[in-house]
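1. return a 3D structure for these sequence lines:
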Amino acid sequence: MQQTTGPMKTASSSWLLLIGLITSSLWPALGHADGVFAFTAEQATHVRALAASCAACHGTLGNAVVKEGNGPPSEENNPVLAGRSREDLLSKLLGFRDGSRKATIMHQHSKGLSLEEIALLATHFSQQKPINQPRLQPQALKAEHG
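-> The predicted model follows:
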C-alpha cells in the first residue's frame with residue numbers, strides 16, 4: 001500500500017478546507033442567516049467533550065491565559081481560540097493534522113480527530129466570546145523555603 005505524502009496530502013487538506021468554507025458560506029441559505037451554526041444535541045455533547053481536552057492549554061471555552069510578555073501572545077504559546085474565524089481554525093487544525101504546520105503537541109491531538117470533529121471544534125471555538133483576562137505574572141520565589 002502506498003502512503004500519500006507531499007502535494008497530494010496538502011491538496012486533500014486544501015480541498016477539505018474549501019468544502020468547509022463553502023459549507024459555512026451556505027449557512028444563511030440553510031436557515032443560519034446570522035452565520036451561527038446550531039449543533040444538534042448529539043453534536044453539542046460531543047463537541048463539549050472534545051473541547052474539554054483543549055482547555056488544559058487553551059483555557060475554558062478557548063480563553064487561554066498566557067504568560068506576561070513584551071508583545072501580543074505568540075502563536076507558539078497557547079493562543080486564545082475563542083472568537084477566531086472558523087476558517088482560520090480549520091486551516092490550522094488541518095495543517096497540524098497533515099504535518100504542514102509544526103507544533104509540539106497539536107499534531108498528535110489533531111491526528112486523533114476525524115475531519116468532522118475538526119470542523120465541529122473550529123465551529124465551536126469560533127462561536128465563543130473572547131474574554132480579556134489579566135495576563136499571568138511570574139511568581140518570585142523566596143530564597144529560603146522554611
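2. could you pull out the buried residues of stretch 112-122?
-> 113, 115, 117-122 (16 or more other Cβ atoms under 10 Å). Bear in mind the C-beta positions are built from the backbone N, C-alpha and C, glycine included.
3. again with stretch 84-93
-> So stretch 84-93, judged by 16+ other Cβ under 10 Å, has buried residues 84, 86, 89-93.
4. after the lowest-mean-pLDDT helix or strand in the chain, which helix or strand is next?
-> Every helix and strand of the chain was ranked by mean pLDDT, DSSP states H and E. The lowest is helix 7-26, at a mean of 52. Later in the chain than helix 7-26, the nearest helix or strand by DSSP states H and E is helix 41-58.
5. helices or strands up against the helix or strand following that next one?
-> Downstream of helix 41-58, the first helix or strand assigned by DSSP H and E is helix 86-98. Other elements packing on helix 86-98 under the criterion 3 or more Cβ pairs under 8 Å, 6 or more residues apart in numbering; DSSP states H and E are helix 7-26, helix 106-111, helix 115-126.
6. now do the closest residue to Ala103 other than its chain neighbours, the pLDDT please.
-> In space, Ala103 comes closest to Phe96 once its chain neighbours are excluded; the distance is 5.6 Å by Cβ to Cβ, 6 or more residues apart in numbering. Per-residue pLDDT puts Phe96 at 96.
7. tally of neighbours for Phe96?
-> Neighbours of Phe96 under the rule other Cβ atoms under 10 Å: 21.
8. now do the contacts for it.
-> Neighbour list for Phe96: 103, 106-107, 109-110 [criterion: Cβ atoms under 8 Å, 6 or more residues apart in numbering].
9. what about it, distance to Leu120?
-> Distance of Phe96 to Leu120, computed by Cβ to Cβ, to the nearest Å: 16 Å.
10. can you check Gly83 too?
-> For Gly83 relative to Leu120 (Cβ to Cβ), the value is 17 Å.
11. how about His58?
-> Distance, His58 to Leu120, using Cβ to Cβ: 15 Å.
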